[in-house]
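Trainee: This is a predicted model, with the sequence first.
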Amino acid sequence: MATKKTSKKSWKNWQENYASFILGAIIVVILGLLVANFITNRNRDIGQNGDQTEITAQDKKAEQTSAQNEYKVVENDSLSKIAEKVYGDKMMWNVLAAANDIKNPNLIYKDTTIKIPSKEEATKTQESLTQTSYKVEAGDTLFGIAGKVYGNGSKWQLIDRANKVGRLPNGNPLIFADSTLVIPR
């Protein structure tokens, strides 16, 4: 009987030792992968000759450009304040609203990052947002025109009402190329 107890204990010890061995092996493999990952990433940051790679002037310019294309909203900011900081003209707030698809320009949140269009893009957008007439081009639709002039195609009905646009038999608005539409503001 003593032999059965001894054999059960040795069997139990063997199972515990085997489980410990497997667990230890898994830990060693994970640590090995972490070290390999660290070494691989470290080598990526170091150049061929062992020196740290230089950041080129072009890389620095790209970083500055991307930083200039974004603005982090601070407390008590408004789109007009941001437009004045960025463009020197607070009346360009609508460009920022259009570029960031802001539905309510009176409501912006602290720590939000907004896109800042370049001065050239902002000027073009400002012109399209403030124009009072639009010359229809071939293929234009009221929805597309509203998207260009308001930044929101769903406002096509404003243009429709202001111009008393004709209708097709199916009820869709009818506009002609080279005609001029009034854009209500």
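Mentor: Good, I have the coordinates.

Trainee: Let me see the confidence value for the residue nearest the centre of the chain.
Mentor: Taking C-alpha atoms, centre = their mean, the centroid of the chain lies closest to K115, which sits 8.4 Å from it. K115 carries a pLDDT score of 93 in this model.

Trainee: do the same with the one 3 residues further on
Mentor: Here the pLDDT value assigned to S118 is 92.

Trainee: now do I175
Mentor: Turning to I175, the model gives it a pLDDT of 92.

Trainee: Identify the residue nearest it in space, chain neighbours excluded?
Mentor: Nearest non-adjacent residue to I175, counting by C-beta to C-beta, 6 or more residues apart in numbering: V136, 5.3 Å away. Where C-beta positions appear, they are placed from N, C-alpha and C, glycine not excepted.

Trainee: neighbours of that neighbour, just the number please.
Mentor: Residue neighbour count, defined by other C-beta atoms under 10 Å, stands at 16 for V136.

Trainee: was I right about it contacting L174?
Mentor: No. Using C-beta atoms under 8 Å, V136 is not in contact with L174, being 10.9 Å away.

Trainee: who touches the residue nearest to the centre of the chain in this structure?
Mentor: Taking C-beta atoms under 8 Å, 6 or more residues apart in numbering, we find K115 in contact with N69, E70, A99, N100.

Trainee: Can you tell me the closest non-neighbouring residue to V86?
Mentor: I116 is the one closest to V86 (C-beta to C-beta, 6+ apart), at 5.5 Å.
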